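S.K.: quick check, what structure comes out for this input:
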Amino acid sequence: MGRMPLDFTFTEEQEMFRQAVREWCSKNLTLEKVREMDTKAEIPREIIKGLADLNLLVMTAREDVGGMNADWVTTVIAAEELGYADISLAVPVFFLVQAGWGFVVDRYASEEVRQEYVARAIRGEGFVGIASTEPGGGSDVAAFKSRAVRKGDKWVLNGEKTYISGTEEAKKLNGGYFTVVYTDREKGHRGMTAFFLPINAPGVEVVKRFEDMGRMGISTGGFVMKDVELTDEYV
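M.R.: Just a heads-up that it's a prediction; the model follows:
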């Protein structure tokens, strides 16, 4: 039996989508605008709104919360075109963090979190990201120290996350993070639990912004969790 050839050609719909994103970028992500974002260290509100109007934000989410339920090839096409236009990578990072982790939150979070946080992020009125890295552990997830303890009908989270994309954006837009902590340290990585952590929840303190090389338009920072109480809806 011979090998079946792989077809790497894009569909007509994908090529039309690429052209639409490219045209938007040529009008809105000019070199002058990219320089402005890098200098002012922020993504302008009109750029976020434009991304939302194009249905690009958390485009991997399902339709019932306003997403496109886009496949990954189409999502990467959008990321590629945004990357060509914004060489600082601020807008592509803003897009990709939400496309990837918004997908996870949309698929596995509670309906309350989906309808509140994912839906708003799709409209450009929120932000969904990932918070895993800690001062003592990045790619080595088992080295994490943040923990959650069950107290009554709530979970109490303590710890610190660092080198997190979009902390200032999340705070301004009342967003949150897919956050991994230990609930049973003795089980190693199997004793970890993922929570959706609203960045403006009582007990969450956003700490300093790091000075990046490039991608200054989107913040990179960290936050501390001090006795943050979450219900099961956020697991």
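S.K.: and the closest residue to Thr167 other than its chain neighbours, what's its pLDDT?
M.R.: Among residues not flanking Thr167 along the chain, Gly221 sits closest, at 3.7 Å (C-beta to C-beta, 6 or more residues apart in numbering). To be clear about C-beta, it is placed using only N, CA and C from the backbone, and glycine gets the same treatment. If you check Gly221, the pLDDT there is 96.
S.K.: so what's Gly221 bridging to?
M.R.: The residues listed as beta-bridge partners of Gly221 by DSSP bridges are Ile164.
S.K.: isn't it up against Glu205?
M.R.: No: using C-beta atoms under 8 Å, Gly221 makes no contact with Glu205, being 10.8 Å away.
S.K.: quick revisit: show me what contacts the residue nearest to Thr167?
M.R.: Listed by C-beta atoms under 8 Å, 6 or more residues apart in numbering, the contact partners of Gly221 are Thr162, Ile164, Thr167, Glu168, Val206, Val207, Lys208, Arg209, Phe210.
S.K.: repeat that for Val235.
M.R.: Per C-beta under 8 Å, 6+ apart, neighbours of Val235: Ser110, Trp155, Thr193, Ala194, Phe195.
S.K.: just checking, the third one touches Ala148?
M.R.: Yes: counting by C-beta under 8 Å, a contact exists between Thr193 and Ala148, whose distance comes to 6.3 Å.
S.K.: mind giving me the packing neighbours of the lowest-mean-pLDDT helix or strand in the chain?
M.R.: Here the helix or strand of the chain ranked lowest by mean pLDDT, DSSP states H and E is helix 31-40, holding a mean of 94. Under the contact definition 3 or more C-beta pairs under 8 Å, 6 or more residues apart in numbering; DSSP states H and E, helix 31-40 sits against helix 90-108.
S.K.: pLDDT averaged over the helix it packs on - what is it?
M.R.: Mean predicted confidence for helix 90-108 is 96.
S.K.: for the helix or strand following that helix, buried residues please.
M.R.: Scanning forward in sequence from helix 90-108 by DSSP states H and E, the next helix or strand is helix 111-113. By 16 or more other C-beta atoms under 10 Å, the buried positions in helix 111-113 come out as Val113.
S.K.: mind starting the numbering at 24 from now?
M.R.: Got it, the first residue is 24 from now on, which makes the last one we talked about helix 134-136.
S.K.: run the chain-centre distance for the helix or strand just after helix 134-136.
M.R.: Past helix 134-136, further along toward the C-terminus, the next helix or strand under DSSP H and E is helix 142-145. Distance, stretch centre to chain centre, for helix 142-145: 11 Å (C-alpha atoms, centre = their mean, to the nearest Å).
S.K.: now whichever helix or strand comes after helix 142-145 - C-alpha only, CSV.
M.R.: Per DSSP H and E, the first helix or strand lying C-terminal to helix 142-145 is strand 151-154. Only the C-alpha atoms of strand 151-154 are listed here, as CSV (Å, rounded to 0.1, in the frame of the first residue of the first chain):
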residue,chain,number,x,y,z
VAL,A,151,-7.9,35.3,29.0
GLY,A,152,-4.4,34.1,29.5
ILE,A,153,-2.1,31.5,31.1
ALA,A,154,-0.3,31.8,34.5
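S.K.: elements contacting strand 151-154?
M.R.: So strand 151-154, by 3+ C-beta pairs under 8 Å, 6+ apart, packs with helix 113-131, strand 177-188, strand 199-205.
S.K.: got the domain boundaries for the chain?
M.R.: 35-145, 151-257 (automatic domain parsing).
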